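Asker: Kindly return the folded structure for what I paste below:
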Amino acid sequence: MCIRDRVSTQSTWGLFTFSKDSMLSRLISKSAMVQAPVARQFAAFWPPIKGSKVMASVDEAVSTIKDGNTVMVGGYGNLGAPHTLISALAKRSVKNLTLVSSAACCPTKGSAIQKLLMNNQVKKLITSKVCNNQVALDLFQKGKLEIVLEAMGTLAEKVRSGGYGIPAFYSHIGIGTFLEEGGVPTKLSADGKIIASVNLAKEKREFKGKEYLLEKTLLGDYAIVKAWKADTKGNCVLKLANRNFNPDMAIAGKVCIVEADEICEPGAFDGDDIHIPGIFIHKVVKSCPKEAEAEACQMQACPLGTGETKKYREMMAKRAAQEIKLGAYVVLGEGLPKTVEMFTKPESDVHFVIPETGIFGAQCACKEPMKNCGGDLLNGSLMPVKLRKHAAITKASDTFASIRGGHLDLFVVDGYQVSEEGDLANIEKGDSVLPCPGINIDLAGAGTRLVALMEMKTNGKPNLLPNCSYKLTGKKCVSTLITDVGVFEFKDGLTLTELAPGMTVEKVKSMTPCKFKVASSMKTIKVQRLQTLHY
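Answerer: As a prediction, this is how the structure comes out:
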């Protein structure tokens, strides 16, 4: 029985009714008077209709969010984001918020939380990447926004574990990176010249001969999430890849507000179909279609390029496709690695995994033009995908668990720099204050076979180096390096195993300061001629 019910009568308590003149009734009445101030304080947390969690308005639902609160925001970018609740929150004068959001960037429109950033309502942002979000970067440079960066999979687990009552956990993701060592600025002075705070080094312990970092979990005062359908008791059904971070964000908030496209009576959908049980939901509101800022269905520019650039990049992508085994579970990173799917034989029955949006078995946009694709199936770049016959959709913490737990077979990623020891750097190029961890640190730290695609030189400078000068994504994590001049393996030291057509060993040696061995069974890269498909 809720507080409101307890103070509404002097003669009824639960299922029992007493005479108003009885001693017990007078005691209950006195108790109710004491509880009344507490009831008024918390009354807004309960919906206005007895037995229903549906609020009269969106404005009423967010009215209890106060200055300085921590708010967990569901969705990945604009996919599955609670736009209606965010817009309502942006109209209020609440400020100094701490937001926990999976990603604060989006190809064209910034991010779902953009309105709150533009209103300068956010004091601290905990996320996995900001990248090209100029609004967030400008606020950071002016000292108005603290930005704490995490590997996306670690962030997902910190949220999930926080909601499950776990205060901290150990993870091997991030060993040897800025996440372990600290020192990356999280806040600047108003003139942007002085570092006001940095991320701190993390405690490290060894278990069974392997190093792990201590990760403290996250909880929020509130969570705002998006559902496809919700009943009046708060049970929620989420549609396709809109699930992503929503279920875990919901559980990690002390008070969770859900917006739903459709609100139903209890029993409208089976218990088996529920993705977020009503016990975790405190308020339900109807989504406003006008507030949804879904990305337009569009085609992505092909990373293969044109002319001579296309020739050697296509060779690299085709060679990477040869690394994929029958039935393998594979993650393709951003950029050139995404084109590898174009050259994968259909009979190979590959499960392409999209960790950010919780998809096992995606068919990316490179296979054919995606017409009438809708906005419920997107990849990590928020571009449209389809589902293969063997596909499955889950929440993001599960796909990242498959990475961290070593359940996948292969990762293919871009490389900005690679060291002769197999260190990888692809989260920044030395020209920005903030790195962009995204999923790359998760992939590099998982211990799964990792293939890096990298051009040997950029603007005349070598990218294969004795030591990386950029911030590391992972240490000794590269298994195979495929370049525009040849293929290197790292199993027994840096070894050149294949040469690009027309390339010589001496020419390769002139393009890197690294010393490398030459395989006795040196061969030329051979790739099958395949029709270039749409991208």
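Asker: Then residue 196 would be within a helix, right?
Answerer: No - using DSSP: H, G, I helix; E, B strand; the rest coil, the secondary structure at residue 196 is strand, not a helix.
Asker: contacting residues around residue 264?
Answerer: By C-beta atoms under 8 Å, 6 or more residues apart in numbering, the residues touching residue 264 are 229, 230, 231, 232. The way it works is simple: take the backbone N, C-alpha and C, and place the C-beta from them, glycine included.
Asker: which residues in the stretch 151-300 of the chain form strands?
Answerer: Using DSSP state E, counting those that start in this stretch, the strands of the stretch 151-300 of the chain run over 168-171, 185-188, 195-198, 204-207, 210-216, 220-231, 236-237, 253-264, 283-286.
Asker: Out of those strands, which one sits most buried?
Answerer: Most buried of those by mean neighbour count (mean count of other C-beta atoms under 10 Å) is strand 220-231; its value is a mean of 26.
Asker: List the strands paired with it, with their directions.
Answerer: Applying DSSP bridges, strand 220-231 is found paired with strand 70-73 (parallel), strand 236-237 (antiparallel), strand 253-264 (parallel).
Asker: who wins for proximity to residue 212 among those?
Answerer: strand 70-73 (25.1 Å; C-beta to C-beta).
Asker: after that closest one, next one along is what?
Answerer: helix 83-90 (DSSP states H and E).
Asker: who's in contact with that following helix?
Answerer: If you take C-beta under 8 Å, 6+ apart as the criterion, helix 83-90 is touched by 58-59, 61-62, 65, 71, 73, 112-113, 115-116, 119, 121, 224, 226, 257, 259, 285-288, 291-293.
Asker: what's the closest of the contacts of residue 264 to residue 518?
Answerer: The closest of those to residue 518 turns out to be residue 229 (C-beta to C-beta; 61.4 Å).
Asker: which helices and strands does whichever strand or helix holds residue 519 pack with?
Answerer: Using DSSP H and E, residue 519 falls within strand 517-524. Applying 3 or more C-beta pairs under 8 Å, 6 or more residues apart in numbering; DSSP states H and E, we find strand 517-524 packed against strand 495-499.
Asker: What pairs with the strand it packs on, parallel or antiparallel?
Answerer: Strands flanking strand 495-499 in the sheet, each with its direction: strand 486-489 (antiparallel), strand 517-524 (parallel) (DSSP bridges).
Asker: ok so, going back, residue 505 is nearest to which of the strands of the stretch 151-300 of the chain?
Answerer: strand 210-216 (36.8 Å).
Asker: Now do that closest one, average pLDDT.
Answerer: For strand 210-216, the mean per-residue pLDDT is 98.
Asker: Which residues in the strand holding residue 519 does the neighbour count mark as buried?
Answerer: When burial is assessed from 16 or more other C-beta atoms under 10 Å, strand 517-524 yields no buried residues.
Asker: And for stretch 325-338?
Answerer: For stretch 325-338, the neighbour count (16+ other C-beta under 10 Å) marks 328, 329, 330, 331, 332, 333, 334, 336, 337, 338 as buried.
Asker: Likewise for stretch 78-98?
Answerer: 78-90, 94, 97-98.
Asker: what's around the residue lying closest to residue 361 once chain neighbours are set aside, how many residues?
Answerer: The spatially closest residue to residue 361, leaving aside those adjacent along the chain, is residue 391, at 3.3 Å (C-beta to C-beta, 6 or more residues apart in numbering). When neighbours are defined as other C-beta atoms under 10 Å, residue 391 has 16 of them.
Asker: Next, the contact list for residue 391, please.
Answerer: 359, 360, 361, 362.
Asker: Select from those residues the one having the most neighbours.
Answerer: residue 359 (29 neighbours).
Asker: That residue and residue 349, how far apart?
Answerer: 16 Å (C-beta to C-beta, to the nearest Å).
Asker: circling back to that earlier point, which among the buried residues of stretch 78-98 gets closest to residue 105?
Answerer: Nearest to residue 105 among the buried residues of stretch 78-98 is residue 78, at 10.5 Å by C-beta to C-beta.
Asker: Which residue lies closest in space to that closest one, excluding its sequence neighbours?
Answerer: Excluding the flanking residues, the one nearest residue 78 by C-beta to C-beta, 6+ apart is residue 112, at 5.2 Å.
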